[in-house]
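*Asks:* dropping a prediction and its sequence here:
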Amino acid sequence: MLLKSASEARAFGKKVAEELSCRDAFSALELLNEILSERTSFRLLDLVGAELNSAAQNEEDELLQAVAGRRSEGGWVVIASALRARLPLGVHEPLEAARRFIIQAGIWYGCDSIAERVPGQALVDYFGASLDCLADWRSDPDHWVRRAAGVAGHFWFKRANGDAGLESQAGCLLEFYSPMLSERDYEAAKGVGWALKTAGRYYPRMAADWLEREMLAKNNPPAAVIRRKALLYLPPELKRNFAKS
């Protein structure tokens with residue numbers, strides 16, 4: 001089945017939720033596989049996933065676990081958008097569920113799809129509470145969870161888009177990444193670098209000042225991938241101090 005419009009996607013999501021409520025997770029999964037086996041756009045998969053919470057949460061959880069078991073690329077998007085729809089009820093439960101699914105995915109596209117949609121969106125909508133919940137992700141034993149902490153920050157900086165009214169939050173988020181400058185796992189370091197790259201794009205002066213304190217004043221050289229990404233969007237006049245670092 002090929003979904004072609006937002007209205008079709010929403011209607012299909014409602015149909016899956018009804019199947020889940022009236023029958024079981026297996027039947028709902030078979031229905032969902034009609035679109036997961038096609039090249040359905042992530043935009044439409046997001047709309048499908050957002051409709052699943054009309055079923056009871058224990059039923060939805062069973063379906064999301066079944067979707068994860070199939071390990072399709074689009075399945076992680078559906079899972080993430082379903083969890084994102086729970087954020088207004090409190091960030092702790094969907095963030096912890098996101099962490100578990102990131103570990104289960106164990107691959108970059110699963111990690112990034114979930115990280116942008118759940119912890120990333122949580123930071124946008126509920127900054128303080130979400131930052132507290134994500135603090136332990138920075139030192140999580142799983143490198144994909146650590147990567148997700150960076151991807152979430154990238155999403156926040158992108159959405160902030162340089163808004164001067166959000167500079168205080170931007171500064172807090174940069175400080176959040178201080179312990180992660182020493183990250184040496186490549187996949188996790190890429191996530192940190194991604195966050196700092198986007199910070200440098202939208203808050204260049206703030207990012208440069210922070211990098212100067214963290215990298216130069218503290219003599220704390222980061223992994224090459226973090227350094228390269230962090231400096232990428234800084235204007236030439238702000239990059240000069242880092243030429244020999």
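*Replies:* Looks like it came in fine. Model, not experiment: these values are computed from the prediction.
*Asks:* three-state assignment of Lys4?
*Replies:* Three-state call for Lys4 (DSSP: H, G, I helix; E, B strand; the rest coil): coil.
*Asks:* how many neighbours does it have?
*Replies:* By the measure other C-beta atoms under 10 Å, the count of residues near Lys4 is 10. Where you see a C-beta, it was placed from the backbone N, CA and C, and this is true even at glycine.
*Asks:* state the distance from it to Ser41.
*Replies:* Using C-beta to C-beta, to the nearest Å, Lys4 is found at 10 Å from Ser41.
*Asks:* give me the pLDDT for the closest residue to Ile103 other than its chain neighbours.
*Replies:* Leaving aside its chain neighbours, Ile103 sits nearest to Asp142 (5.0 Å; criterion: C-beta to C-beta, 6 or more residues apart in numbering). Asp142 carries a pLDDT score of 99 in this model.
*Asks:* what about Asp142, neighbour count?
*Replies:* 16.
*Asks:* am I right that it is in contact with Phe101?
*Replies:* No - proximity of Asp142 to Phe101 does not meet the contact threshold set by C-beta atoms under 8 Å, at 11.5 Å.
*Asks:* can you pull the residues that touch both of the two?
*Replies:* With contacts defined as C-beta atoms under 8 Å, 6 or more residues apart in numbering, no residue is shared by Asp142 and Phe101.
*Asks:* contacts for stretch 113-124 next, please.
*Replies:* Here stretch 113-124 has contacts from 42, 46, 73, 76-77, 79-81, 83-84, 87, 91, 94-95, 97-98, 101-102, 105, 129-131, 133-134, 137, 147-149, 151-156, 159, 173, 191, using C-beta under 8 Å, 6+ apart.
*Asks:* and the residue nearest to the spatial centre of the chain, what element?
*Replies:* Ranked by distance to the mean C-alpha position of the chain (C-alpha atoms, centre = their mean), the top residue is Ala115 at 1.7 Å. Taking DSSP states H and E as the definition, Ala115 sits inside helix 108-115.
*Asks:* mind listing what's buried along that helix?
*Replies:* Gly110, Cys111, Asp112, Ser113, Ile114, Ala115 (16 or more other C-beta atoms under 10 Å).
*Asks:* tell me the domain ranges of this structure?
*Replies:* Listed by automatic domain parsing, the domain ranges of the chain are 1-85, 88-245.
*Asks:* how much space is there between the closest residue to Asn53 other than its chain neighbours and Glu175?
*Replies:* Nearest residue to Asn53, sequence neighbours excluded (C-beta to C-beta, 6+ apart): Ala85, at 4.8 Å. According to C-beta to C-beta, Ala85 stands 30 Å off from Glu175.
*Asks:* who's more crowded, the two?
*Replies:* Neighbours were counted for Ala85 and for Glu175 using other C-beta under 10 Å; Ala85 has more, 20 against 13.
*Asks:* isn't the more buried one right next to Ser54, touching?
*Replies:* No - contact criterion C-beta under 8 Å: Ala85 and Ser54 do not qualify, at 9.7 Å.
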